[in-house]
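Novice: sharing a sequence plus its predicted fold:
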Amino acid sequence: MKKGYFSFFVLFIVSVIAFVGCSNEPSNSHADSTVHYDKEFWGEWRNLNQTESWKINNNKAYLNEEEITITSISKTSDSIIEVVSSKGTSHLYAIRTASASVTGTVNDLSSSRGLGDGGIVVVVQNTDNPEDIHQVTTDDNGEFTVNDIIPGDHYRVKPGNNPAVNVRPSFDGEHLGTFNLRQGLNFKVTLEGVPEVMFTDTEYELNLVITNTGSEKCTAATYELEGDNGFEAEITDATIRESNLLRTIVPDGTVSIPLRVSCPDSGSTVIKNIYIQIEDINGTTWNDSVSMKFYSGKTILSLNSESDRPINGFVIGNGHTFAINSQTSCAIEVPSFDGDYIMVFAGAKATLDSNTECIYSIGVNSLAVAQSNLASSLSKPSIYEPNNTESTATRISNEQNIVAYLHDEDIDYYKIDASHVVSESVFLLVKDSIIDSTTVPAITDQSTMSDLAKLKSSNPKAITIGFDETIKNPTASSIIIKSASDVTKDYVLSVT
């Protein structure tokens with residue numbers, strides 16, 4: 001009895017020592033299985049200076065792609081978290097978080113099951129965060145919904161006993177298409193080249209990618225393509241367009257169909273689909289679809305800082321985050337909505353060796369003050385202070401511009417009124433800096449060019465870069481209106 005009692009006592013002491021030695025604080029040690037970060041922290045985050053890119057998943061954190069130990073993590077607002085790590089304290093802004101819901105359809109092409117499309121278990125796993133697993137069951141129509149998805153992350157979708165296929169959701173409310181249950185030969189269709197936001201009445205160049213996800217080759221495949229009513233999807237490859245031929249696709253092989261898409265404005269945000277049917281040489285068919293979200297109406301935020309003093313920050317709101325990475329002049333298109341965006345700047349530093357403080361200007365659906373006029377337009381460095389938090393943010397109304405100063409270790413917050421849609425404006429650029437603008441009627445081949453000619457005559461050296469879709473006017477052949485894709489993403493005057 002005494003010997004047994006002594007053994008129990010020793011085991012008890014060892015257990016107590018082991019328990020006391022375990023830390024309850026977050027850690028990224030592979031041996032520590034107790035580490036867990038709540039789902040609200042999962043995703044991609046960045047600091048204001050754009051020097052720290054964080055990725056946080058279920059039990060690990062990465063700073064600039066290197067695993068790091070977090071000692072504490074907390075949320076300071078809907079889109080900002082505070083992280084304390086071995087590198088110090090960081091205030092991070094949400095780039096992509098687990099905030100989206102997506103849907104999909106399962107279609108049983110096999111003849112053996114005979115149970116319809118309902119009751120099929122679908123497992124969705126985030127390949128960037130293997131612990132992020134969702135298990136859902138299809139309804140009687142074969143439909144399923146998955147919540148808490150991180151847009152932009154890669155996922156594997158396994159419907160029933162079929163092999164998993166790769167998808168990459170891009171927006172909240174996206175339909176991931178059809179997952180066909182069929183052994184041997186199968187397909188999945190996805191979109192590539194989708195921008196952060198898409199607007200109505202604007203053309204986009206995308207790629208429809210068809211992947212053979214099965215184990216057998218598909219011989220001499222053909223396709224049929226159809227868009228939703230009022231939605232235009234033009235195939236830009238003449239051979240693919242005229243022959244409807246995909247040719248033979250081997251397992252894991254892909255075929256890309258280049259598309260030019262545009263969606264007419266209906267006055268509201270819409271989700272549009274492209275439907276595709278694939279048929280092999282034996283007459284077997286597969287159906288799938290892809291979806292896109294188009295916003296109606298845009299708010300344009302123009303920004304200028306001193307030409308040798310770039311500025312860093314974010315525009316956050318309406319489910320999106322737009323990074324401003326070391327810019328001295330830019331225009332950012334954001335979807336208009338009945339609410340505010342938060343615009344925030346930081347990163348200025350004064351040392352013995354350098355000073356990165358700067359004067360800057362913001363315009364909401366109007367031009368920011370020109371770089372050459374920033375110094376004379378600043379009334380005082382403390383104007384709009386204190387605006388160091390979201391709660392003290394300075395409001396900027398529609399068609400207003402402001403001039404402010406970002407001083408050493410300063411953080412400047414603004415609330416941007418995004419409830420007004422920008423008018424059809426033409427921005428004139430010189431060396432990528434917005435220097436003038438005018439408002440004109442809708443841009444068509446019959447548009448009046450008098451206002452544009454006036455801009456040209458006063459700024460004969462204007463240049464622009466990175467445009468598509470040329471619209472010419474026969475009465476003013478030296479002036480071309482182009483839809484910009486890289487600089488202002490609006491109509492731009494190009495002097496030739």
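Specialist: Cool, got the structure. Residues are numbered from 1 along each chain as shown.
Novice: give me the buried positions along stretch 195-205.
Specialist: Neighbour counts over stretch 195-205 (16 or more other CB atoms under 10 Å) mark 197-200, 202, 204 as buried. All C-beta spots, glycine's among them, are computed from the backbone N, C-alpha and C.
Novice: what sits up against it?
Specialist: 193-194, 236, 258-266, 270, 292-298, 320, 322, 333-335, 468-469, 483 (CB atoms under 8 Å, 6 or more residues apart in numbering).
Novice: helix, strand or coil for the residue minimising distance to the centre of the chain?
Specialist: Compute the mean C-alpha point of the chain, and by CA atoms, centre = their mean the closest residue is Glu196, 3.7 Å away. Of the three states, Glu196 takes coil under DSSP: H, G, I helix; E, B strand; the rest coil.
Novice: can you give me the distance of it to Lys349?
Specialist: Distance, Glu196 to Lys349, by CB to CB, to the nearest Å: 29 Å.
Novice: show me the shaky parts of this structure.
Specialist: Residue ranges of the chain with pLDDT under 70: 1-34, 111-116, 423-496.
Novice: domains of this protein?
Specialist: 25-96, 100-294, 298-417, 425-495 (automatic domain parsing).
Novice: quick one: end-to-end distance for the third one.
Specialist: Pointing back at domain 298-417 there. Domain 298-417 has an end-to-end distance of 12 Å (CA to CA, to the nearest Å).
Novice: how about the helices of the stretch 301-450 of the chain, start to end?
Specialist: Remark: helices assigned in the stretch 301-450 of the chain by DSSP state H, counting those that start in this stretch are 374-377, 450-458.
Novice: distance to Gly104 for the buried residues of stretch 195-205 - can I get that in a markdown table?
Specialist: Listed next are these as a markdown table, based on distance: CB to CB, whole Å:
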| residue | distance to Gly104 |
| --- | --- |
| Val197 | 23 |
| Met198 | 21 |
| Phe199 | 26 |
| Thr200 | 25 |
| Thr202 | 27 |
| Tyr204 | 23 |
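Novice: which of these sits closest to Arg309?
Specialist: Val197 (28.4 Å; CB to CB).
Novice: Asn282: neighbour count?
Specialist: Counted with other CB atoms under 10 Å, the neighbours of Asn282 add up to 9.
Novice: against which helices or strands is the host helix or strand of Gln135 packed?
Specialist: If you go by DSSP states H and E, Gln135 is part of strand 129-137. The contact analysis (3 or more CB pairs under 8 Å, 6 or more residues apart in numbering; DSSP states H and E) places strand 129-137 against strand 121-126, strand 143-149.
Novice: I figured Ala375 hits Ile359, correct?
Specialist: Yes. Between Ala375 and Ile359 there is a contact under CB atoms under 8 Å: 6.2 Å.
Novice: between these two, what contacts are shared?
Specialist: When CB under 8 Å, 6+ apart defines a contact, the residues bordering Ala375 and Ile359 alike are Glu306.
Novice: same drill for the two, tell me which one is more crowded.
Specialist: A side-by-side neighbour count of Ala375 and Ile359, using other CB under 10 Å, places Ile359 first with 22 against 10.
Novice: go through the strand holding Gln135 and flag the buried ones.
Specialist: 129, 132, 134, 136.
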